[in-house]
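J.: Coordinates for the following, if possible.
(one chain, ligands or ions: 2)
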Amino acid sequence: MNQQTIVGAEELMRQQEFTARVRSLAQRPQTFHIVTMGCQMNERDSETIAGMLAEMGLRPEAEREKADLILYNTCCVRENAENRALGNVIWLKELKKERPELLICVGGCMAQEEGMAQRLKAQYPFIDLVFGTHNLHRLPEYLWRVLEKRQPVVEVLHSDGVIAEGLPQRRASAFSAFVNIMYGCDNFCSYCIVPYVRGRERSREPEAVLEECKRLVDLGVQEITLLGQNVNSYRGGGNEFAELLRRVDALGVPRIRFMTSHPKDLSEELIAAYGELAHLMPNLHLPVQAGNDEILRAMNRRYTRERYLELIKKLRSAKPDIGLSTDIIVGFPGETLAQFEDTLSLVEAVRFDSAFTFIYSKRIGTRAAQLPDDTPAEVKSERIQRLIALQADISREILTAQVGRRETVLVESISARDEGWVGGKTPRGHMVNFPGNAGLIGRFVRVEIVSAGRNTLRGKQITEE
Ligand code: 5AD
Ligand code: SF4
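T.: Numbering: from 1, shown residues only. Ligands and ions are numbered 1, 2, ... in the order given. Predicted structure coming up:
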């Protein structure tokens, strides 16, 4: 890896100075609230942002309306994500009229989009700070400037991206943690804006990843999810992803998961790891996007339907009960009915545990945005409904087949719907709800599955000899 991509110690020290300066300001916000949109990468970034704000002396405020500083960590992968972010920001304008001292900050992928920073500046002048994905580590400096000069700051850098190690962080969970192993994406799938807003692929050094994981294990974390836009192309310090996994596995963390994997780079070693590593959960998110070769080619996915099915077969022979999930895009420009039906037949052939399904959303600047797209919106909508219905049947059958099994669940939360119930995941990734109290959160509990719902299971706690 190029040393240039690592943010130097000097720069980090500069930011620490700004952190101290903000903290000592008499007139500064006392509380913050972060709204995170989009994927796990953003969730992880928000933990870093929260850590930086906490070091500047701010306390988290659970109620957005009450916070002195509200920060939106935005997503732009589809148009509706962007509209949601913009809608929220417009609403904040009213809040700011009532409380002029409120600070509004917008960061993340939408802020990084070409032309967006200027648009935000022109159309939403009440926003105090706009920053992109490549300069998150400079938040202390920007905040100091906002507070010192009482003027909006808009700073979005054009960059292939950097790696900033050692930033402060405030983890959302005490027992389950995200660990970045790489940033950016070089795949340029023709529909996708991510490579334009997250920069070039760059891997953290394995030692940095392992040290972070080790620290988490020492803190009692039970589950680590390794994160990257495409973890399969991890190349840190000569280690490939399967090698890194092996080293994380050796640390002894009870559960390891990772996301996201690109099928074109899924190696034999990684498939074998499923059969070999004690702590790697039998679960894989492997976005297929489409089941037709012409569409896959137009998407620049660089695998065929046949190759994808072959990978699934190999994965299942390495780990027969592996839980598989996927992402699928419906209505890519020019997709015919027959091509869409190839996606349906692939879904039937694979039998995913679950699928995230999306209607294609045109993203300016991507190659697919140039393609003629004459399929009416209603047709796309009908197609996605057919796909959702098919997947719902498959999911229900798979969940029903779990009834009667005994599983170990890592309890995550209290059920929002049923008081006195808690929920957590099985190794395969199925959510199980069962009667229990908050004291179980973060613990492993043996449960017997008693019934299956649409997306979740119900169980009861058991004691085994
Ligand atoms: N339109 C619809 N879905 C998209 N995704 C990425 N870009 C687009 C787009 N332009 C989906 C892909 C990806 C997931 C994170 O979001 O399925 O895997
Ligand atoms: Fe987007 Fe493709 Fe990269 Fe995933 S692999 S982030 S879909 S360009």
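
J.: Tell me which stretches of the protein form helices.
T.: For the chain, helices defined by DSSP state H occupy the ranges 9-24, 40-55, 79-98, 109-112, 116-123, 139-149, 194-198, 206-218, 241-249, 268-276, 293-298, 305-318, 337-350, 377-400.

J.: For the stretch 101-250 of the chain, which residues are neighbours of ligand 2?
T.: Cys185, Asn187, Phe188, Cys189, Cys192, Val194, Pro195, Gln229, Asn230 (C-beta under 6 Å from any ligand atom). Any C-beta I mention is one placed from the backbone N, CA and C, and that applies to glycine too.

J.: The third one is in contact with Arg200, isn't it?
T.: Think Phe188. No: in this structure Phe188 lies outside contact range of Arg200 using C-beta atoms under 8 Å: 10.7 Å.

J.: re earlier: most tightly packed of the helices of the chain?
T.: Most buried of the helices of the chain by mean neighbour count (mean count of other C-beta atoms under 10 Å) is helix 109-112; its value is a mean of 27.

J.: What does the pLDDT read for the nearest residue to Ile394 once chain neighbours are set aside?
T.: Nearest non-adjacent residue to Ile394, counting by C-beta to C-beta, 6 or more residues apart in numbering: Arg351, 5.3 Å away. You'll see Arg351 listed with a pLDDT of 98.

J.: Just name the closest of the residues of the stretch 101-250 of the chain next to ligand 2 to His262, please.
T.: Asn230 (4.4 Å; C-beta to C-beta).

J.: wait, what's in contact with the nearest residue to the closest one once chain neighbours are set aside?
T.: Using C-beta to C-beta, 6+ apart and skipping residues adjacent in sequence, the residue nearest Asn230 is His262, 4.4 Å away. Residues touching His262, when contacts are defined by C-beta atoms under 8 Å, 6 or more residues apart in numbering, comprise Asn187, Asn230, Asn232, Ser233, Pro287.

J.: follow-up on the earlier one: which neighbours do Phe188 and Arg200 share?
T.: By C-beta under 8 Å, 6+ apart, no residue touches both Phe188 and Arg200.

J.: Could you dump the helices of the chain into CSV and include distance to Val447?
T.: Shown next, in CSV, are the helices of the chain (distance: least, C-beta to C-beta, whole Å):
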stretch, distance to Val447
helix 9-24, 45
helix 40-55, 26
helix 79-98, 35
helix 109-112, 38
helix 116-123, 46
helix 139-149, 42
helix 194-198, 37
helix 206-218, 25
helix 241-249, 25
helix 268-276, 24
helix 293-298, 39
helix 305-318, 25
helix 337-350, 27
helix 377-400, 14
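
J.: of the ones you listed, which approaches ligand 1 most closely?
T.: When the helices of the chain are compared by C-beta to the nearest ligand atom, helix 194-198 sits nearest ligand 1, at 7.1 Å.

J.: and the closest one with ligand 1, contact?
T.: No: Helix 194-198 is not in contact with ligand 1 by C-beta under 6 Å from any ligand atom; minimum separation 7.1 Å.

J.: Quick one: mean pLDDT over that helix.
T.: Averaging pLDDT along helix 194-198 yields 95.

J.: For the residue lying closest to Asn300 once chain neighbours are set aside, give its distance to ligand 1.
T.: Closest residue in space to Asn300, ignoring its immediate chain neighbours: Ser190 at 4.6 Å, by C-beta to C-beta, 6+ apart. According to C-beta to the nearest ligand atom, to the nearest Å, Ser190 stands 9 Å off from ligand 1.

J.: and Ser190, how far is that from Gly331?
T.: Using C-beta to C-beta, to the nearest Å, one gets 14 Å for the distance from Ser190 to Gly331.

J.: what about the strands in the stretch 151-300 of the chain?
T.: 153-155, 176-180, 182-183, 202-203, 223-227, 235-236, 239-240, 255-259, 283-285 (DSSP state E, counting those that start in this stretch).

J.: right, and these - which one's nearest Glu268?
T.: It's strand 239-240; of the strands of the stretch 151-300 of the chain, that one is closest to Glu268 (C-beta to C-beta) at 11.0 Å.

J.: right, and the pair among the contacts of His262 with maximum separation?
T.: Ser233 and Pro287 (14.1 Å).

J.: and whichever residue of the stretch 351-465 of the chain sits closest to ligand 2, how many neighbours?
T.: Closest contact between the stretch 351-465 of the chain and ligand 2, by C-beta to the nearest ligand atom, is at Thr366 (8.8 Å). Neighbour count of Thr366, defined by other C-beta atoms under 10 Å: 19.

J.: Now do the phi/psi pair for it.
T.: phi -90, psi 160 (degrees, to the nearest 10).

J.: again, but for Gln151
T.: phi -140, psi 150.
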